[in-house]
Every structure is written in C-alpha cells, then in structure tokens.
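Novice: predicted coordinates and the sequence they were generated for:
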Amino acid sequence: MIEIKALASSSSGNCYHVTDGMTPLLIEVGVSFREIQRGINFTVTGLAGALITHEHGDHSKAARDIMFAGVDAYASWGTFNALHLGGHRSNIVQSLQQFTVGSWTILPFESIHDAAEPLNFLLASGDEKLVYLTDTAYCPYRFKGLTHVMIECNYALDILNRNVESGAVPAAMKRRIMKSHMSIDTAKGFLQANNLTRVREVWLIHLSDGNSDAERFKREVQAVTGKPVIVAEKRVTGTIA
C-alpha cells in the first residue's frame, strides 16, 4: 500500500518520502541533507532512489549530498546539467520513457515551468498509482486508475491580485507565478477532468507562503472531489516510524 510522508512542502523547500511497502523513495530533495536524515530516521541507506523534478533549490538542495551518500538520483539531462551533477549515481530519464526502481514503475512527463527540462512523475506499484504534479502551470495529461494524487496548489488568483495591489508581490512576480505554477482553480480542473473513482487521498502540496489559503483550498478540493484531502505541512520535524 502506498504511504506518503511530507518532510517539507513550500516555496522554501520540498521533500516527500513515498513507499509501496517494498521500495522507499524520495520525491524532491529541496531541504538540507540533515533535515532529510532526521525526517527518515537516519535510514538514508535504505532509500532506493530520489526523483528530482527540476534544478530549483527548493526541489534539489540536497541532490549532491544524497548522491554522495549512495542514493541514486533520477532526473532529466537538463536538470543534472543545470546542477552540474554527474557520475554513476545520476540516472538520466526522459519524458514519456518509462523506467523502474525496485517495485515501482515510473513514467516521467514534462511540466510547464521556467526550468531547464522539468518533469513530473506517475508512479505505479501493483494496482496502485500515484501522480505527482508540482511546479507546472497546468497538466495536459489525463491518467487512468489513480489511487493517490499529489498536486500543487500554489496560489489563488484573488489572493495573488490583492498582494499585487498592496505591493507585497511585484507585478513581474505575478506573471512568473502564473506562467510556472498551478493555481487552486487549475488544480481543481485537473482533478475534475480525471476519473477519481479509485482515489484514496489527495495531497495538496507546494502552497505559496503568501498567496494561498490552506483551509480554503482543502474545503474547495474536498467539495469537487468528495475525497479525503491532506494539506502537506511546510516542515515536518518528526521521523518516519
């Protein structure tokens, strides 16, 4: 059974521990290596790999350290190149070319973001499927048989507009956010466009510190999906059992 633990989820750092009970993985390594160690109870050597969506620091901060610790990293050529990383722990993957890590079958697919070669991931194990969507303006794909959804809800347009009007967010930053991150309305549209019959839980991830509303987003997504919704915490200090 797929189990998800958010170690960090925000514009300042993202890292998630995901396991199917056989093969533990990290998705993103955007916090310090020490935080990752604490978050997984110092079991780094038990990790089968780390999936990295793109080179921005809030997703890749510990990439070099993770690889140095003996964990294989999986990312696009553009991501590794932008991070100046290589070696036998760097596994280059390509959009729409499936690969396996232990008991997982993983399909990368492109995201719409201002990065070198950003990817998101569909992970399958047995009869369970997890889609991971972050740092993308939208997702053009639809997925069958999903059981778990991790989806960016970075901002709400009305909150973002208020912050621009107040001067808290520059107009140029608003344009960048809208071109490279997923809004709550876009996230809801994606969820409504997919068959969620088998979905057990929806995780809302990568909420903006200033342009989001966690409780509101949770209510709205529950209303359109009828599924349990979990808002990933910004930082989790406890360890995985």
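Specialist: Sure, I can see it. Source: prediction; values computed, not measured.
Novice: contacts only, for the spatially most central residue of the chain.
Specialist: In the chain, the residue lying closest to the centroid (C-alpha atoms, centre = their mean) is T134, at 4.7 Å. Contacts for T134 (C-beta atoms under 8 Å, 6 or more residues apart in numbering) come out as 14, 28, 53, 59, 111, 120, 150-152, 182, 205-206. (Glycine included, C-beta is placed from N, CA and C.)
Novice: buried subset of those, written for ChimeraX?
Specialist: In ChimeraX, a selection of the buried entries from the contacts of T134 looks like this (16 or more other C-beta atoms under 10 Å):
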select :14,28,53,59,111,120,150,151,152,182,205,206
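Novice: quick one: stretch 194-202 to chain centroid distance?
Specialist: In terms of C-alpha atoms, centre = their mean, to the nearest Å, the centre of stretch 194-202 is set 17 Å apart from its chain centre.
Novice: phi, psi of the residue nearest to the centre of the chain?
Specialist: T134 adopts backbone torsions of phi -150, psi 160, taken as degrees, to the nearest 10.
Novice: surely A8 touches I27?
Specialist: No - counting by C-beta atoms under 8 Å, A8 does not reach I27; the two are 11.3 Å apart.
Novice: now for those two: what residues contact both?
Specialist: C15.
Novice: looking at the contacts of T134, which are in strands?
Specialist: Taking DSSP state E, the ones among the contacts of T134 that sit in strands are 14, 120, 150-152, 205.
Novice: report the longest helix in the chain, please.
Specialist: Longest helix in the chain by number of residues (criterion: DSSP state H): helix 214-225.
Novice: show me what that helix is packed against.
Specialist: On a contact count with 3 or more C-beta pairs under 8 Å, 6 or more residues apart in numbering; DSSP states H and E, helix 214-225 meets helix 184-193, strand 201-205, strand 229-231.
Novice: hmm, 6 Å instead?
Specialist: helix 184-193, strand 229-231 (3 or more C-beta pairs under 6 Å, 6 or more residues apart in numbering; DSSP states H and E).
Novice: which parts of it are buried?
Specialist: Quick answer for helix 214-225 (16+ other C-beta under 10 Å): 217-218, 220-221, 225.
Novice: any chance of those residues in TSV, plus distance to V101?
Specialist: Listed next are the buried residues of helix 214-225 as TSV, based on distance: C-beta to C-beta, whole Å:
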residue	distance to V101
F217	31
K218	31
E220	34
V221	29
T225	29
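Novice: biggest separation within these, which pair?
Specialist: F217 and T225 (12.0 Å; C-beta to C-beta).
Novice: coming back round to it: ok, now how distant is the residue nearest to the centre of the chain from G57?
Specialist: Here T134 is placed at a distance of 14 Å from G57 (C-beta to C-beta, to the nearest Å).
Novice: same check on L107?
Specialist: Using C-beta to C-beta, one gets 26 Å for the distance from L107 to G57.
Novice: between the two, which is the more surrounded one?
Specialist: L107 (20 against 13; other C-beta atoms under 10 Å).
Novice: quick check: chain neighbours aside, which residue is closest to that one?
Specialist: L122 (4.4 Å; C-beta to C-beta, 6 or more residues apart in numbering).
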